[in-house]
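K.L.:
My questions concern the predicted model and sequence given below.
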Amino acid sequence: MNTTAPGVATPSDERLRDAQLDAPLLPDSPLLGDELLSRIRSRAVDHDRDNSFFTDDLAELVDAGYLRALVPVTHGGLGLTLQQVCQEQMRLSAAAPATALAVNMHLVWTGVARTLLDRGDDSLAFLLSEAAAGAIFGFGVSEAGNDLVLFGSRTDAAPRDGGGYAFTGTKIFTSLSPVWTKLGTMGLDTTSPDAPKIVWAFIDRTDPGVRQKDDWDTLGMRASQSQSTVLDGAHASAEQVIRRLDPGPNSDPLIFGIFANFEILLSAVYTGIGRRALELAVSAAHSRTSLKNGGRSLAQEPDIRWRVADAAMAMDSIYPQIDSLAHDLDTRADHGSQWFAKLAGLKHRSTENAKYVVDQALRVCGGSSYFAGSELGRLYRDVLAGIFHPSDSESAHSTVAASWLGPLDAPLPDASPHESE
């Protein structure tokens, strides 16, 4: 197994050609058709109002093969590239953001497995085969009070005979909670001779040590049902333990794969929200009229035209960034130490940009969007979730600053006089 850090080595030309043959060219028509997305959009308002899971959406997405989109053809999937799937995620999110966000977590894991496989690491090849067979993967990483995210954990990972681990802790924001069959998670091993180690593994939903809390009653993204998952000695067999890493930042390909796929796919979801908000703003500008201007549509009002144009320009600046970084991950471009800065920056820009565009759309659409049943009002609540996903604003700026300016110097010693002086 090759676990070379990203950007240090590249696969052979022969394997690169094989990978390119495995992925089809961009399809003439989207995988998710307009009729399917229309049905999904029609159900979104009910799921938001009832705080219910998108069961029917998921069934249709499974039938369309969407959960196998990033799985290579050789492993039973559709073999789409990340670049292609980002386009699909934008369209799905424009129809139902919470559905897209929840499905995103499964797509992240299949994307990670694909990224590793493309780089000669088959440690997650089993995941691809299981996803092709119908397994649904949850993302059990976030923990209350853990701002180290991938580099630390408050969950205990206790070694067991045979190489397995028992995990005890609580994971929050576990999207797809009602349906995931396997949970990708991590915890801290503090007892092994080489401890501490961050242990990454997969846990079966049927394990008696797994319990879901019914605690998802949120401002937005309600249909995702991202309930907390309580692990009480939940067991991962040795075969499902995929990494033991030192705590703190590191360049292991698994960490790179998670960060890259998470940030790019997440950016696509929130950009889809911005795209839909712009569509609603354009529609409202044409349908609303102004008595001050003789009953003409607001599309003729200079201030409204400026807002719509500003939102459109903001959206145009994000599309190529997502497309470019997704393409770079697909083709194994080498950004070296700049990779993490580019990914963190993309996530920050895309979520803040979507927030800005939704805000402009609200001002164009007027007071009707303030009512609970308004689609734009729902987008406003959904888009706010973007600020809570890693990398948050502070972390993104810190990552980019370190990339360009180098790390912070050690603090200067305290030069203040001693009390006795």
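P.N.:
That came in fine, so what should we check first?

K.L.:
ok, which stretches of the stretch 1-150 of the chain are strands?
P.N.:
Assigned by DSSP state E, counting those that start in this stretch, the strands in the stretch 1-150 of the chain fall at 137-140.

K.L.:
From Leu61, how far off is Ile40?
P.N.:
8 Å (C-beta to C-beta, to the nearest Å). Every C-beta, even on glycine, is put in place using the N, C-alpha and C of the backbone.

K.L.:
Dig out what the residue nearest to Ser192 when sequence neighbours are not counted forms beta bridges with.
P.N.:
Of all residues not flanking Ser192 in the chain, Pro159 sits nearest, at 5.5 Å (C-beta to C-beta, 6 or more residues apart in numbering). Note on Pro159: beta-bridge partners Tyr165, judged by DSSP bridges.

K.L.:
so who does Pro159 touch?
P.N.:
Going by C-beta atoms under 8 Å, 6 or more residues apart in numbering, Pro159 touches Tyr165, Asp189, Thr191, Ser192.

K.L.:
try it again with 10 Å
P.N.:
Tyr165, Ala166, Asp189, Thr191, Ser192, Pro193, Ala195, Lys197, Val199, Val241, Arg244 (C-beta atoms under 10 Å, 6 or more residues apart in numbering).

K.L.:
shared neighbours, Ile40 and Leu61?
P.N.:
Common neighbours of Ile40 and Leu61 (C-beta under 10 Å, 6+ apart) are Leu32, Phe54, Leu92, Thr99, Ala100.

K.L.:
Does the third one touch Leu58 like I think?
P.N.:
No - between Leu92 and Leu58 no contact is recorded; they are 11.6 Å apart, counting by C-beta atoms under 10 Å.

K.L.:
what's the overlap in contacts for these two?
P.N.:
Shared contacts of Leu92 and Leu58 (C-beta under 10 Å, 6+ apart): Ile40, Tyr66, Thr99, Val103.

K.L.:
May I see those organised as a markdown table, with neighbour count, pLDDT and distance to Ile136 added?
P.N.:
A markdown table is the format used below for the shared contacts of Leu92 and Leu58 (neighbours: other C-beta atoms under 10 Å; pLDDT from 0 to 100; distance: C-beta to C-beta, whole Å):
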| residue | neighbour count | pLDDT | distance to Ile136 |
| --- | --- | --- | --- |
| Ile40 | 22 | 98 | 17 |
| Tyr66 | 23 | 98 | 11 |
| Thr99 | 26 | 98 | 14 |
| Val103 | 29 | 98 | 9 |
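
K.L.:
Using TSV, lay out those together with distance to Glu88.
P.N.:
Formatted as TSV, the shared contacts of Leu92 and Leu58 follow (distance: C-beta to C-beta, whole Å):
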residue	distance to Glu88
Ile40	12
Tyr66	7
Thr99	12
Val103	10
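
K.L.:
Which one of the residues you listed is nearest to Lys182?
P.N.:
Taking C-beta to C-beta as the measure, Lys182 lies nearest Val103 of the shared contacts of Leu92 and Leu58, at 15.2 Å.

K.L.:
So which bits of the longest helix anywhere in the chain are buried?
P.N.:
When the chain is parsed with DSSP state H, its longest helix is helix 253-287. By neighbour count with 16 or more other C-beta atoms under 10 Å, helix 253-287 contains the buried residues 253-278, 280-282, 284-285.

K.L.:
Find the residue closest to Met105 in space, skipping its chain neighbours.
P.N.:
Closest residue in space to Met105, ignoring its immediate chain neighbours: Phe139 at 4.0 Å, by C-beta to C-beta, 6+ apart.

K.L.:
Which positions in stretch 331-342 come out as buried?
P.N.:
For stretch 331-342, using 16+ other C-beta under 10 Å, the buried residues are Arg332, Trp339, Phe340, Ala341, Lys342.

K.L.:
Give me the distance from that stretch to the chain's centre.
P.N.:
Here the centre of stretch 331-342 is set off from its chain's centre by 18 Å, with C-alpha atoms, centre = their mean, to the nearest Å.

K.L.:
Just want the phi and psi numbers for Leu245.
P.N.:
Leu245 adopts backbone torsions of phi -120, psi 150, taken as degrees, to the nearest 10.

K.L.:
what bridges to it?
P.N.:
With DSSP bridges as the criterion, Leu245 is bridged to Ile198.

K.L.:
neighbours around it, how many?
P.N.:
Using other C-beta atoms under 10 Å, Leu245 has 16 other residues around it.

K.L.:
What of Gln212?
P.N.:
16.

K.L.:
Quickly list what it is bridged to.
P.N.:
Thr229.

K.L.:
Likewise for Ser297?
P.N.:
Thr289.

K.L.:
quick one: the residue nearest to Met105 from Lys171, how far?
P.N.:
9 Å.

K.L.:
Overlap of the contact sets of these two?
P.N.:
Common neighbours of Phe139 and Lys171 (C-beta under 10 Å, 6+ apart) are Leu183, Thr185.

K.L.:
Tell me the secondary structure of Leu408, please.
P.N.:
Assigned with DSSP: H, G, I helix; E, B strand; the rest coil, Leu408 falls in the coil class.

K.L.:
now swap in the one 3 residues further on and tell me
P.N.:
Three-state call for Pro411 (three-state DSSP): coil.

K.L.:
Need the distance between the two termini of stretch 207-217.
P.N.:
End-to-end distance for stretch 207-217, by C-alpha to C-alpha, to the nearest Å: 26 Å.

K.L.:
Give me the distance from it to the chain's centre.
P.N.:
Averaged C-alpha coordinates place stretch 207-217 at 21 Å from its chain's average position (C-alpha atoms, centre = their mean).

K.L.:
for stretch 353-364, same thing?
P.N.:
The chain centroid and the centroid of stretch 353-364 are separated by 21 Å under C-alpha atoms, centre = their mean.

K.L.:
For that stretch, output the C-alpha coordinates as CSV.
P.N.:
Extracted in CSV, the C-alpha atoms of stretch 353-364 (Å, rounded to 0.1, in the frame of the first residue of the first chain):
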residue,chain,number,x,y,z
ASN,A,353,-20.7,33.9,-1.1
ALA,A,354,-23.8,31.8,-0.9
LYS,A,355,-24.9,33.7,2.2
TYR,A,356,-24.3,37.0,0.5
VAL,A,357,-26.3,36.0,-2.6
VAL,A,358,-29.2,34.7,-0.6
ASP,A,359,-29.2,38.0,1.3
GLN,A,360,-29.3,40.0,-2.0
ALA,A,361,-32.2,37.8,-3.2
LEU,A,362,-34.2,38.4,0.0
ARG,A,363,-33.9,42.2,-0.6
VAL,A,364,-35.1,41.7,-4.2
